[in-house]
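A.B. asks: sequence plus predicted model, see below.
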Amino acid sequence: ASLARCAATVPDRIHRFINAGQRRRGRTAWRLRGLSLGLLVAMSLAAIIFYGQKQAAEEQRGVAESQRALADKQRQVARGRLAESLLEGANAGLARGKRLEARARLRSALQISDSITARGLWWQLSRDPLLWTRDLGDTVWDVGFSPDGKTVAAACQDGAVTLLDAVTGEKQILRGFSDVVLAVAFSPDGLLLAAATTKGQIHLRNLRGGPERLLEGHSRAVWTLAFSPDGKILASGGKDNTVRLHRLAGQSRAPLVLRAGTKGITAVAFSPHGDQVAAGTNDGPVLLWRTSDGELLQRMTADGAETSDVAFNRAGDLLANVTGDHLTILWDPKTGARKATLKDTPSGVRGVAFSLDGKHLATSSRDHLVRLWDLASGKIVRRLRGHTGWVRRVRYAPGGATLVSGGYDNTVRLWRSGARKQQRLHSGHTDSSVGVRASPDGELLVSTGTDHTARIWERKSGRLLKIISDLPGRGKHLDISPDGKTMAVA
């Protein structure tokens, strides 16, 4: 029975069912194999595309980097050429004696590209005592500093007074004087500028725009001027052999007239307390009067040679005069005794000034030199060269760090007075610096550059205080308002 059941015929319906199931499984397997193959092909294609894109991106990046490297190299070459051009300009400016221009170009060159050559030139400029030179076009008879040391006044043969910024050397010309201006002096408060002329007139000009006052009385040219320390008296001397003490507080008060010599008064100077006034004469003697009543206190004879200039030291215990026979003589104004004689000049000495600390003396002479003397040893510590004619006057700045000279070569020159010292290098612009201005008080410097920034520096320390970014234009034009609160850049 069992075998009979196994040998029994399977119905067609079951065969069809089994065959249908096998066909479905086959189709499913083929579909899976097709799907797997398609997925494999897609992945392969994606990998090929990704690899191609990656290669293209790397090629583009390589091209971009090459182009960037080329651009950087071209920029560096251009900046190097600009630095070389600026350095050449600095050397040319130095050769022409235009030290401010040379320093500006050299500073820009160093900001672009450092080099041993540029550093060497900067070192040379820093050691050079001459800060700037200004050619005024005619003989400079007298020079003087304002009380704050920010301005230099120069009396000129052309009948003008030139005011020079002591930091930058920028000029302002004052005209309207009656004739050739032979002497200038600032009042102690800096409000008045006195200018004496060949006609014997003294112009008192208010530098803040007030009315001008004219002092008359001298019958001939006025050669010298000096304000008393309190500003109440103006002393003048000239070719008419008189010293006049003009009492400025009372306009109607007649001046005290002191008569001396037969060849003219060449120089006047007040003692530090203002109680005495000294005068040098073309006859030779140095005279000392009491300011209050005009009593003659001392007559100091300088070996018969004319006296060109006189000066008191700050302590008031030394009076110096320089003569036409090459001598610088130091006197005790209290006793009239000669304390020392300095001699090293092959030609006549024209100007004299004491340093603020009283340790040094500056003299100017006909041999075109300014000499700095150490008073303790009586020896010359430095000779300042550059003038090409007689150096008529030399004056220390109120702070003592600089001195100014002027003379027959038509120039005014500003010098460093102390030991040779490295000048501060203000750097920081990422491209050329093209403009620089000092603030009205002289405490700050503002520089502008082609990097579209303005930088504000502390002048004495060289410290960068502020950066103003994203300025329009290239900064070639820069100015600061008189109150120092606003600046304009274009």
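C.D. replies: Here it is on my side, so go on. Numbering: from 1, shown residues only.
A.B. asks: from Ser108, how far out is the most centrally placed residue in the chain?
C.D. replies: The chain has Val167 as the residue nearest its centroid, 3.8 Å off, counting by CA atoms, centre = their mean. Per CB to CB, to the nearest Å, Val167 is found 18 Å from Ser108. C-beta: built from backbone N, CA, C; applies to glycine.
A.B. asks: find the nearest non-adjacent residue to the residue nearest to the centre of the chain, please.
C.D. replies: Among residues not flanking Val167 along the chain, Ala438 sits closest, at 4.3 Å (CB to CB, 6 or more residues apart in numbering).
A.B. asks: in this structure the one you found contacts Gly169, no?
C.D. replies: No. Taking contacts as CB atoms under 8 Å, Ala438 lies outside contact range of Gly169: 10.6 Å.
A.B. asks: end-to-end on stretch 273-282?
C.D. replies: With CA to CA, to the nearest Å as the measure, stretch 273-282 spans 26 Å from end to end.
A.B. asks: partner residues bridging the residue nearest to Val167?
C.D. replies: Beta-bridge partners recorded for Ala438 (DSSP bridges): Leu445.
A.B. asks: next: Ala488.
C.D. replies: Beta bridges link Ala488 to Asp479, judged by DSSP bridges.
A.B. asks: how many residues are close by it?
C.D. replies: A count of nearby residues for Ala488, using other CB atoms under 10 Å, gives 9.
A.B. asks: quick check: pLDDT value at it.
C.D. replies: On pLDDT, Ala488 comes in at 79.
A.B. asks: so it touches Pro472, yeah?
C.D. replies: No. Counting by CB under 8 Å, Ala488 does not reach Pro472; the two are 11.4 Å apart.
A.B. asks: just the helices from the stretch 1-150 of the chain, written as ranges.
C.D. replies: 2-6, 12-95, 99-112, 116-127 (DSSP state H, counting those that start in this stretch).
A.B. asks: which one of the ones you listed is the most hemmed in?
C.D. replies: With neighbours defined as mean count of other CB atoms under 10 Å, the helices of the stretch 1-150 of the chain peak in mean count at helix 99-112, which reaches a mean of 22.
A.B. asks: what angle do it and helix 12-95 make?
C.D. replies: Interaxial angle of helix 99-112 relative to helix 12-95 (axes from the mean of the first three to the mean of the last three CA atoms, to 10 degrees): 160 degrees.
A.B. asks: which other helices and strands does helix 99-112 contact?
C.D. replies: In terms of contacts (3 or more CB pairs under 8 Å, 6 or more residues apart in numbering; DSSP states H and E), helix 99-112 is packed against helix 12-95, helix 116-127, strand 130-135, strand 433-438.
A.B. asks: any idea of the mean pLDDT for it?
C.D. replies: On average, helix 99-112 scores 77.
A.B. asks: tilt between that helix and strand 130-135?
C.D. replies: Helix 99-112 runs at 130 degrees relative to strand 130-135, counting by the same axes, to 10 degrees.
A.B. asks: show me what Thr242 is bridged to.
C.D. replies: Under the criterion DSSP bridges, Thr242 forms beta bridges with Arg259.
A.B. asks: for it, which residues are in contact?
C.D. replies: Contacts of Thr242 were listed using CB atoms under 8 Å, 6 or more residues apart in numbering, and they are 218, 257-260, 265.
A.B. asks: next one: His246
C.D. replies: Residues counted as contacts of His246 (CB under 8 Å, 6+ apart) are 202, 215, 233-236, 255.
A.B. asks: cutoff 10 Å now
C.D. replies: For His246, the contact set (CB atoms under 10 Å, 6 or more residues apart in numbering) comprises 194, 202, 204, 213, 215, 217, 225, 227, 232-236, 253-256.
A.B. asks: try Gly378
C.D. replies: The neighbours of Gly378, taking CB under 10 Å, 6+ apart as the test, are 328, 330, 340-344, 361.
A.B. asks: which one of the residues you listed sits in the busiest neighbourhood?
C.D. replies: Highest neighbour count within these, by other CB under 10 Å: Leu361, with 27 neighbours.
A.B. asks: looking at it, Ile112 is touching Leu86, isn't it?
C.D. replies: Yes. With contact defined as CB atoms under 10 Å, Ile112 counts as touching Leu86 (7.2 Å).
A.B. asks: how much space separates Ser447 from Gly358?
C.D. replies: 37 Å.
A.B. asks: the two: which is more packed in?
C.D. replies: Higher neighbour count among Ser447 and Gly358: Ser447, with 25 against 15, using other CB under 10 Å.
A.B. asks: the more buried one should be in a strand, yeah?
C.D. replies: Yes. Ser447: assigned to a strand according to DSSP: H, G, I helix; E, B strand; the rest coil.
A.B. asks: distance of it from Thr301?
C.D. replies: According to CB to CB, Ser447 and Thr301 sit 55 Å apart.
A.B. asks: what do you get for Ala118?
C.D. replies: Going from Ala118 to Thr301 by CB to CB gives 56 Å.
A.B. asks: do Leu478 as well
C.D. replies: Counting by CB to CB, the gap from Leu478 to Thr301 is 56 Å.
A.B. asks: how far off centre is whichever strand or helix holds Arg350?
C.D. replies: Using DSSP states H and E, Arg350 falls within strand 349-354. Distance, stretch centre to chain centre, for strand 349-354: 25 Å (CA atoms, centre = their mean, to the nearest Å).
A.B. asks: sheet partners, orientation included, of whichever helix or strand comes after that strand?
C.D. replies: As assigned by DSSP H and E, the chain's next helix or strand after strand 349-354 is strand 360-365. In the sheet, strand 360-365 lines up against strand 349-354 (antiparallel), strand 370-374 (antiparallel) (DSSP bridges).
A.B. asks: what is the mean pLDDT for the first one?
C.D. replies: What that stands for is strand 349-354. 93.
A.B. asks: and what of the last one?
C.D. replies: Model confidence over strand 370-374 averages 94 on the pLDDT scale.
A.B. asks: check which residues of it are buried.
C.D. replies: For strand 370-374, the neighbour count (16 or more other CB atoms under 10 Å) marks 370-373 as buried.
A.B. asks: which among the contacts of His246 count as buried?
C.D. replies: Buried subset of the contacts of His246 (neighbour count, 16+ other CB under 10 Å): 194, 202, 204, 215, 217, 225, 227, 232-236, 255-256.
A.B. asks: right, I'll leave it there.
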